[in-house]
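[1] sequence plus predicted model, see below.
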Amino acid sequence: FLMQMFHVEPDKKDFERKKEAFLNGYESILKIPDEEKSLFAYSGLSIWIFYLGIQSQRFDNWSNVFLSENYLKRFMGMAKDWLKYHQIEI
């Protein structure tokens, strides 16, 4: 959820505000340990990589316009933006 919101919210101050509102609402029900919070950036990326793997495995011919060179460039560009924002180097 956070990674997707990151990409649809152009103003990162608004993203941070919305992220905090979401987490505060969630934690009003169930506390998230700090150790788990520190892994959000990595888990978001992991989910996206898993999702891309599923798309690739289900791609059986080149007539699928959804999984294209442009889509992969956009997808990887968004992942790189996420890593840069969270100061993660791989």
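    That came in fine, so what should we check first? All values reported here derive from a predicted model rather than from experimental measurement.

[2] helix or strand with the lowest mean pLDDT in the chain?
    In the chain, no helix or strand scores lower on mean pLDDT, DSSP states H and E than helix 40-57, which sits at a mean of 87.

[3] where does the prediction get shaky in the protein?
    For the chain, the stretches with pLDDT under 70 are 61-65.

[4] mind listing the helices for the chain?
    Assigned by DSSP state H, the helices in the chain fall at 2-8, 12-27, 34-37, 40-57, 69-85.

[5] would you reformat the ones you listed as a markdown table and include mean neighbour count?
    Heads up, the C-betas are built off the backbone N, CA and C, glycines and all. As requested, the helices of the chain are exported to a markdown table (neighbours: other Cβ atoms under 10 Å):
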| stretch | mean neighbour count |
| --- | --- |
| helix 2-8 | 14 |
| helix 12-27 | 12 |
| helix 34-37 | 9 |
| helix 40-57 | 13 |
| helix 69-85 | 13 |
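
[6] before we move on, the earlier item: chain center to the least confident helix or strand of the chain: distance?
    8 Å (Cα atoms, centre = their mean, to the nearest Å).

[7] by contact count, what packs against that helix?
    helix 2-8, helix 69-85 (3 or more Cβ pairs under 8 Å, 6 or more residues apart in numbering; DSSP states H and E).

[8] any chance of those helices in JSON lines, plus distance to Asp60?
    Shown next, in JSON lines, are the helices and strands packed on helix 40-57 (distance: least, Cβ to Cβ, whole Å):
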{"stretch": "helix 2-8", "distance to Asp60": "27"}
{"stretch": "helix 69-85", "distance to Asp60": "16"}
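
[9] right, and those helices - which one's nearest Ala21?
    helix 2-8 (10.8 Å; Cβ to Cβ).
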